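Undergrad: Okay, here's the prediction I keep looking at, along with the sequence it came from:
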Amino acid sequence: QVQLVESGGGLVQAGGSLRLSCAASGRTFSSYTMAWFRQAPGKEREFVVGISWSWSSGSTTYADSAKGRFTISRDNAKNTIYLQMNSLKPEDTAVYYCAARRRAGAIQAGQTYDYWGQGTQVTVSA
């Protein structure tokens, strides 16, 4: 069983930055593929970025909306992943969720993730 706890959300002006963190329980954190998803009011959940399991850093996959602005990283020693978000836009406003899985599948597919955090709100004002 894995428990995920997100933090770091908040209110920021357009063009600003935030760093989200997701702390995971469990001794096999490095073997999990991790990802960030987000859900805006009235919209479906969407993939933001994922990082594959690795003993070191892992390969990354970004949604087009995140490329060039967001950076995911993982620290296996701390059982934590991070999402650095720069040049934020009002359309980035959403609840951001951390997710984890050990099984295979498209990294963007939310239904392949077994564990989810409670979410952290990100609000970007114009």
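TA: Done, it's in.

Undergrad: Which positions within the lowest-mean-pLDDT helix or strand in the chain qualify as buried?
TA: The weakest-scoring helix or strand in the chain, judged by mean pLDDT, DSSP states H and E, is strand 70-75 (a mean of 92). Buried residues in strand 70-75, counted by 16 or more other CB atoms under 10 Å: 70, 72, 74. In this view, the C-beta of every residue, glycine as well, is placed from N, C-alpha and C.

Undergrad: Now distance to residue 5 too, for these, in a markdown table please.
TA: Shown next, in a markdown table, are the buried residues of strand 70-75 (distance: CB to CB, whole Å):
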| residue | distance to residue 5 |
| --- | --- |
| 70 | 20 |
| 72 | 17 |
| 74 | 15 |
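
Undergrad: and the closest residue to residue 10 other than its chain neighbours, how far is that from residue 41?
TA: Closest residue in space to residue 10, ignoring its immediate chain neighbours: residue 18 at 6.3 Å, by CB to CB, 6 or more residues apart in numbering. Distance from residue 18 to residue 41, counting by CB to CB, to the nearest Å: 18 Å.
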